[in-house]
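quick one: sequence plus predicted model below, questions after.
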Amino acid sequence: MKQKRVLLIGPFPPPIGGDTVLTLNLLKSEYWSRAGIEMDCVDTSPGDRVRLVDEKLSPGDVLRGIGIMSRVLRKLPRARVVLLWANCRFICTMGLPITLSCLVTRRPIVVKAFGAMLAELIGAMRPIRKRLTRFLLNRTACLLSETKKQTGELVGVAGISPARVVLFPNFLADASLRLDRRAKRFAGRCVFLGQIKAEKGVFDIVEALRGQSEFRCDFFGPIVDRDRGAFMEALSPGGACAYRGMAEPDSVMETIGGYDVLLLPSYHPGEGYPAVILQAFAAGVPVIASDWKDIPEIVEDGVTGILVPVKAPARIREALRRLAADADLYESLAESAFVSSKGFSESAVVNDILVARVSRLLS
C-alpha cells in the first residue's frame, strides 16, 4: 500500500492572525489521521511582524522565498499530494513556482486562497503574467475559494475553469463548538480581536465610543508598526477603549464570550470570511460589522448581527444603542449567530470537503 503523505505549505504562528491560526488548526485536525493520512509541513510565515496588504517586496522577502522554495523541493519527493495555503499575493508570486514544481513532479496540488482578492489581482495583471497564472491555476487539482462571491469572480474575472474552483470557507474546530449557549443581557461590553490596523476599523471604534460612558471596548491582538503610535495615543487614559495585549489562539472564543458584542467595522481590501466573526458566533456573541466585501455573506443584517457602512463611527454608536434599548433583538441575534456557527464546523468543512477530496487524489 502506498503511503498517504500530504505536504501542507502555509503560514503558521507567529504572527497571530486569521490565516496563521487557521493553517495551524488545519494541520492539527484529527480527520487526517482518521483517513490514514500523514501530514508534513513547510512554514511560510514572515515571523512576528504583521505585514500590510500593499507592502512592497523587499530583499529579505526574496531571500525568504528562496528558503521556502528550497524546503519545498526537499520535502516534495516524499509527498503524494500538496496543499498550498496562502494569501492572494503569495499565490501570485511564490505560489507559481511551487505549483509548477508540483506539475513537473506530477504531484496534485490543492490551492487555498485566504481572503477575497485573488480574482482582482489576476484581473489586474499584465497579459503575459496573467496567462501564466491562469495556466498554472487551471492545472491544480482544485482552487479553494473562501467566499461565494470570490468563487464566481475566479471563474468570471480570473478565467479559472468552474471545474477547478471549490467553495471552502473558514472553519471552526469541532472541539470549540458548544452544544448550548449561555444567555446573557447586553451590558455595553464590546471587544475587537484581530490584527490592529486602520483598515480593520479600529480608529472608527475609538471615535464611536469617545465620550460614551455606557459602552466600553477592549482591543486584543498584534499592532502593526505603522499604526502603533497613533493607536496608543487615541486610547486616552480613562476613556472607553483599552488595549489588552494578545489573546492566545486557544482562548479566543473564551475571550470573546466574556463580552456582549464583537466590533469589526473593517474596510480591509482582502476581507473574506473573517475567522473572528465565526468564533464570535460560536461563542453566542453577535457582531456589529461593516457592510464590506463578502462580510454580508456570513453576517445577515438584523439576524446574526448588524451591518454598518465603512468609516461611519456614528453608525457603530447607533447600532450599540439599538442593542442596549432592545433586549429581545439582542437575544435573537445571539441565538441566530450561535446556530449559524454549526455550518462552519471542522467536520462540515475540513472532513466533508477537503479530506474527502484529498483521499480521492491519494487513491
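That came through, no problem.

name the nearest residue to R64, sequence neighbours excluded.
P46 (6.7 Å; Cβ to Cβ, 6 or more residues apart in numbering). Placement of C-beta: from N, CA and C, glycine included.

follow the chain on from the longest helix anywhere in the chain and name the next helix or strand.
Looking across the chain with DSSP state H, the single longest helix is helix 59-75. Using DSSP states H and E, the helix or strand that follows helix 59-75 towards the C-terminus is strand 81-87.

so which bits of the helix or strand just after that next one are buried?
Scanning forward in sequence from strand 81-87 by DSSP H and E, the next helix or strand is helix 88-92. Buried positions in helix 88-92, judged by neighbour count with 16 or more other Cβ atoms under 10 Å: 88-92.

doesn't L262 lie inside a helix?
No: according to DSSP: H, G, I helix; E, B strand; the rest coil, L262 belongs to no helix; its state is strand.

does A183 count as helix, strand or coil?
coil.

surely it touches S332?
No: taking Cβ atoms under 8 Å as the definition, A183 is not a contact partner of S332, at 11.4 Å.

look at those two and report which has more neighbours.
Of the pair A183 and S332, S332 is the one with more neighbours under other Cβ atoms under 10 Å, namely 15 against 9.

find the nearest non-adjacent residue to that one, please.
Per Cβ to Cβ, 6+ apart, closest to S332 is V303, 7.9 Å.

for stretch 85-97, measure first residue to last.
Stretch 85-97 has an end-to-end distance of 14 Å (Cα to Cα, to the nearest Å).

oh, that last question was meant for stretch 273-292, not what I typed.
Using Cα to Cα, the two ends of stretch 273-292 sit 11 Å apart.

how far out from the middle of the chain is that stretch?
Chain-centre distance of stretch 273-292: 11 Å, with Cα atoms, centre = their mean, to the nearest Å.

just to revisit the earlier point, tell me the one of the buried residues of helix 88-92 nearest I288?
The nearest member of the buried residues of helix 88-92 to I288, counting by Cβ to Cβ, is C88 at 26.6 Å.

doesn't V111 make contact with the closest one?
No: look at C88 against V111 with Cβ under 8 Å: they stay out of range, at 10.6 Å.

ok, back up a step: for the residue nearest to R64, give its distance to F281.
Separation of P46 from F281 (Cβ to Cβ, to the nearest Å): 29 Å.

got it, and V191?
For V191 relative to F281 (Cβ to Cβ), the value is 14 Å.

helix, strand, or coil at A158?
A158 - assigned by three-state DSSP - is coil.

list the contacts for it?
118-119, 122-123, 134, 137 (Cβ atoms under 8 Å, 6 or more residues apart in numbering).

again, only this time at 7 Å
118-119, 122-123, 134 (Cβ atoms under 7 Å, 6 or more residues apart in numbering).

most neighbours out of the residues you listed, which is it?
In terms of neighbour count, L118 stands highest of these at 31 neighbours, by other Cβ under 10 Å.

from what I see, that residue and G95 are in contact.
No: the pair L118 and G95 fails to qualify as a contact (Cβ atoms under 7 Å) at a distance of 9.9 Å.
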